[in-house]
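In: got a structure for you, letters missing:
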Ligand SMILES: [Zn+2]
């Protein structure tokens, strides 16, 4: 009898646990972000109070992404869309907003002074005039600089608190812890790259402009305004690399490595991967800084 009672008790306990977790999962607020690193940022501040969905799926290119039908369906249930200013948003943000007029659009890059996108690598002497043709394209890669992520964190906090005032203080406390983490990470990255001020690195797609700016490095892109360079431009870049004894060309998994390999071969150097879109954002930046430190001379 006792054993049977115990069994019933255990079963009902199990069932009530099941219901509790089931209800909370279904009740969770769904929010969207454009790119993977933003999922990291939002989860630092919201913890498990929200379910974060990523629009530009891992491996995809945020400059040309097109949302899938299933994602458009998920948007209709989302409470917040955290935009960051990546290129695909220009074509899609309005459509996403009209698919769910109740959804808040939070511009997490609000208040960030964007730099012109690095369009030409710096030539010397008679090519000097070419350097500053940027054609007004602003660099969207603001998630790769911890000081700029502090600005984004504040915008994320504000949107979460407005959409879900019941958890105001939880968001506030998590945000404070996140800022502490960002300050520490920033100091750590400064320490890693301390001896490298003013040095240059070559990269296929210029995603590391704000990172370079924050830590005193100089980014030299292969890609020119989103396009593969012309043979003459490639030649100029190779001469530049030889002159500055640059031995590594950075590439990222979302882009072709063909011209990077060509440059690396010409300069007797190597190609190295750095990922600007990793989910494990803080750890990834530490790894990137360590990689840069090891090869930038
Ligand atoms: Zn990019």
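Out: Received, thanks. All values derive from a computational prediction rather than experimental measurement.

In: Just the helices from the stretch 1-150 of the chain, written as ranges.
Out: For the stretch 1-150 of the chain, the helices defined by DSSP state H, counting those that start in this stretch cover 2-27, 36-46, 69-75, 87-99, 146-163.

In: Contacts only, for residue 295.
Out: Residue 295 is in contact with 201, 247, 248, 272, counting by CB atoms under 8 Å, 6 or more residues apart in numbering. In this view, the C-beta of every residue, glycine as well, is placed from N, C-alpha and C.

In: same thing but at 10 Å, please
Out: 201, 246, 247, 248, 249, 250, 269, 270, 272 (CB atoms under 10 Å, 6 or more residues apart in numbering).

In: Which among those residues count as buried?
Out: Among these, the ones that count as buried by 16 or more other CB atoms under 10 Å are 201, 246, 247, 248, 249, 250, 269, 272.

In: Now do the closest residue in space to the fourth one that isn't next to it in sequence against residue 269, distance only.
Out: Of all residues not flanking residue 248 in the chain, residue 295 sits nearest, at 4.2 Å (CB to CB, 6 or more residues apart in numbering). Applying CB to CB, to the nearest Å, the value for residue 295 to residue 269 is 9 Å.

In: which residues do these two both contact?
Out: 246, 247, 248, 249.

In: Narrow the contacts of residue 295 to those in strands?
Out: Among the contacts of residue 295, the residues falling in strands (DSSP state E) are 201, 248, 249, 250, 270, 272.

In: Closest one to residue 58 out of these, please.
Out: Distance to residue 58, by CB to CB, is smallest for residue 250 among the ones in strands among the contacts of residue 295, at 19.1 Å.

In: which residues sit in contact with the closest one?
Out: With CB under 10 Å, 6+ apart, residue 250 has these contacts: 201-205, 207-208, 219-222, 260, 271-274, 276, 288, 291-292, 295-296.

In: Of those residues, which qualify as buried by neighbour count?
Out: 201-205, 207-208, 219-222, 260, 271-272, 274, 276, 288, 291-292, 295-296.

In: average model confidence for stretch 190-208?
Out: For stretch 190-208, the mean pLDDT works out to 94.

In: let me redo that: stretch 92-101
Out: Averaging pLDDT along stretch 92-101 yields 96.

In: Surely residue 200 and residue 296 touch.
Out: Yes. Using CB atoms under 10 Å, residue 200 is in contact with residue 296, at 7.4 Å.

In: Overlap of the contact sets of the two?
Out: With contacts taken as CB under 10 Å, 6+ apart, residue 200 and residue 296 have 217, 218, 246 as neighbours in common.
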